[in-house]
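Participant: Return a 3D structure for these sequence lines:
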Amino acid sequence: MPLRLRLRRAPAVAALAVGAVAALALSGCSAGSPDASGPVTIQFWHAMSGPAATELDALVSQYDAHNDDGVTVESSYQGTYADVQTKYTAAVQSGSTPDLLMMNDISTGFMVDSGQTVPIATLAAGDPSFDASALAPAATSYYGGPDGLQAMPFSISMPVLYLDRALVARAGLDVSAPPRTLDEVATWARAIHDATGAYGMTMNMSDSWMLEQLSASGGQDFCSPDNGRGGAPVDGVSLTTPTQVAFMTELQGLFRDGVALNPGTDNSTMTSAFTSGGVGMMMTSSGAYTTADPQGTTSVVARFPTTSGSSDAGAVIGGNALWVSGEGHSDAQQQAAYRFARWLASTDVQAEWSAATGYLAVDTAAPTTEAGRASLADPNVATMYQQLADDPASTAAAGCVTGAFPSVRSTVISAFDQVVEGADVTSTMSTAEDTAAGQIASYEAAAGR
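Facilitator: Got it, this is the predicted structure:
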């Protein structure tokens, strides 16, 4: 289901801030020069670090050296996504926004509301070589709008379940038939803990992403109304449906009994515990694979567990997208930024990006390339892609879109931390619903809605 968000003019950003290889398909970038008057330099802000930053730098260098448009990309790391949003807000106020901006999935509402960007669909209108249907449907749905793509999807991650082969075997369980529901995960976790003394499971606790995923895997919208996908802005979050109370209560019991490891906000603690054999199962992003099991030999990756039998049950993508700035940027700069973004989302580039970083490829043909086939030879990677391909076109699986999401996530995970420590699930999460509704109302008021 496409996004139906209303664009805001540039001045809204200040108020919102208060509320809130060499030749990898490069020939495809020569479909018309950005500006016949000469070369163009574009500024590209991103949030990649570690191996992903190294790969991105290599791609930028390749593009600079081989594109036919006379375009030079000057890329710069701007910190975490939260840092990027803060710097971008300041740049809007000073009239110094970058030509191209990488932002994470949950900032989509904020970026649309900023009114500073040009939809990819608009820029692609004169480019018959671009086919949005070649991109993963889950990505085009997430970043789509009434008139097509708002941003160019670049990196996709999915929530998955990692299993330690050795610990599962020691517990007498069959790793080739992994648990499919959260109830089964809980049963396995207790069996692993009892048999081995290791923690039975752990999960990403750095923010509320896992709770959003467990809601979606039960066919439950995380935000109301309609996850912000039905035309009206989000006015609240849902945390107390029977499905949500049930899965939070089950998780609470695992933490209370010492079966589950609480890693806190540091995901490296969670991953280290898993890689060292200290925990049998881990619920987190597919993007953790290159760190959790670099050789692809010690773990099995299974689909994310469901929390109900709803036909709407699915998984919400994570990752990021590329936004082209409009106001203050010439047509030549906009077209140059668009063509670079289009190249980054192209088949061969996506295959290489996926292989180097662990992100899933946005382009659906990427797995058919040599690099893609090599990746799919790993059954764990194949499982990730199959889950992505099978994701339903439901509102629940589309995920919530609101510019207030960063604040809301902080509220929700803080409440769940209390639940983990033994607080009553329903009353605690009900209070979080009220707090989140207030945060959303403040954001909407600042946006003039």
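
Participant: Which parts of the protein belong to which domain?
Facilitator: As given by automatic domain parsing, the domain ranges for the chain are 12-157+317-368, 159-314+396-446.

Participant: Let me have those domains in a markdown table, extended by distance to residue 379 and mean pLDDT.
Facilitator: Where you see a C-beta, it was placed from the backbone N, CA and C, and this is true even at glycine. Written out in a markdown table, the entries for the domains of the chain read as follows (distance: least, C-beta to C-beta, whole Å; pLDDT from 0 to 100):
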| stretch | distance to residue 379 | mean pLDDT |
| --- | --- | --- |
| domain 12-157+317-368 | 13 | 87 |
| domain 159-314+396-446 | 8 | 95 |
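
Participant: The ones you listed: which one's closest to residue 389?
Facilitator: For the domains of the chain, the distance to residue 389 is smallest for domain 12-157+317-368, at 8.1 Å, taking C-beta to C-beta.

Participant: what distance separates that closest one from the centre of its chain?
Facilitator: When distances are taken as C-alpha atoms, centre = their mean, to the nearest Å, domain 12-157+317-368 is centred 15 Å away from the chain's centroid.

Participant: which residues in the stretch 301-449 of the chain form helices?
Facilitator: With DSSP state H, counting those that start in this stretch applied, the stretch 301-449 of the chain shows helices at 331-344, 347-357, 370-376, 379-390, 395-398, 405-420, 425-446, listed in chain order.

Participant: and residue 257, how far is that from residue 190?
Facilitator: Going from residue 257 to residue 190 by C-beta to C-beta, to the nearest Å gives 8 Å.

Participant: Excluding sequence neighbours, find me the nearest residue to the most centrally placed residue in the chain.
Facilitator: By C-alpha atoms, centre = their mean, the mean C-alpha position of the chain lies nearest to residue 318, the distance being 1.4 Å. In this structure, residue 318 finds its nearest non-sequential neighbour in residue 157, 4.1 Å apart by C-beta to C-beta, 6 or more residues apart in numbering.

Participant: Ramachandran coordinates for residue 400?
Facilitator: Main-chain dihedrals, residue 400, degrees, to the nearest 10: phi -80, psi 140.

Participant: wait, residue 100
Facilitator: Taking degrees, to the nearest 10, you get phi -140, psi 140 for the backbone angles of residue 100.

Participant: Which strand residues bridge it?
Facilitator: Legend: beta-bridge partners of residue 100 under DSSP bridges are residue 44, residue 324.

Participant: Could you double-check that it lies in contact with residue 322?
Facilitator: Yes: applying C-beta atoms under 8 Å as the test, residue 100 and residue 322 come out as touching, 5.8 Å apart.

Participant: list the residues that contact both of these two?
Facilitator: residue 341 (C-beta atoms under 8 Å, 6 or more residues apart in numbering).

Participant: What lies in contact with whichever strand or helix holds residue 155?
Facilitator: With elements delineated by DSSP states H and E, residue 155 resides in strand 152-157, which encompasses its position. Where contact means C-beta under 8 Å, 6+ apart, the residues beyond strand 152-157 that reach it are 102, 120, 135-136, 138-140, 142-143, 285-287, 317-324, 338, 341-342, 344-345, 353, 357, 359-362, 388.

Participant: same question, stretch 230-241
Facilitator: Outside stretch 230-241, the residues that touch it by C-beta under 8 Å, 6+ apart are 1, 4-6, 109, 211, 215, 220-228, 244, 395, 400-402, 404, 408, 412, 415, 426, 429-430, 432-433, 436-437, 440-441, 444, 449.

Participant: now the residues you listed: which count as buried?
Facilitator: Of all these considered here, the ones buried according to neighbour count by 16 or more other C-beta atoms under 10 Å are 4-5, 109, 211, 215, 220-224, 226-228, 244, 395, 400-402, 404, 408, 412, 415, 429, 432-433, 436-437, 440, 444.

Participant: Which one of residue 257 and residue 190 is surrounded by more residues?
Facilitator: Ranked by neighbour count (other C-beta atoms under 10 Å), residue 257 and residue 190 place residue 190 first, with 18 against 12.

Participant: wait, isn't that one in contact with residue 259?
Facilitator: Yes: shown here, residue 190 and residue 259 form a contact pair, counting by C-beta under 8 Å, at 5.5 Å.

Participant: Common neighbours of those two, please.
Facilitator: When contacts are counted by C-beta under 8 Å, 6+ apart, residue 190 and residue 259 have residue 200 as shared neighbours.

Participant: Next SSE downstream of the host helix or strand of residue 166?
Facilitator: Secondary-structure assignment from DSSP H and E places residue 166 in helix 165-170. The C-terminal neighbour of helix 165-170 among helices and strands, as given by DSSP H and E, is helix 182-196.

Participant: Show me what that following helix is in contact with.
Facilitator: Outside helix 182-196, the residues that touch it by C-beta under 8 Å, 6+ apart are 161, 167-168, 170-173, 179, 198-201, 214, 217, 247, 250-251, 253-254, 257-260, 280-281, 283, 305-307.

Participant: check contacts around residue 181.
Facilitator: Residues counted as contacts of residue 181 (C-beta under 8 Å, 6+ apart) are 305, 306, 307.

Participant: if you set the cut-off to 7 Å instead, what comes out?
Facilitator: Neighbour list for residue 181: 305, 306 [criterion: C-beta atoms under 7 Å, 6 or more residues apart in numbering].

Participant: Cool, thanks, signing off.
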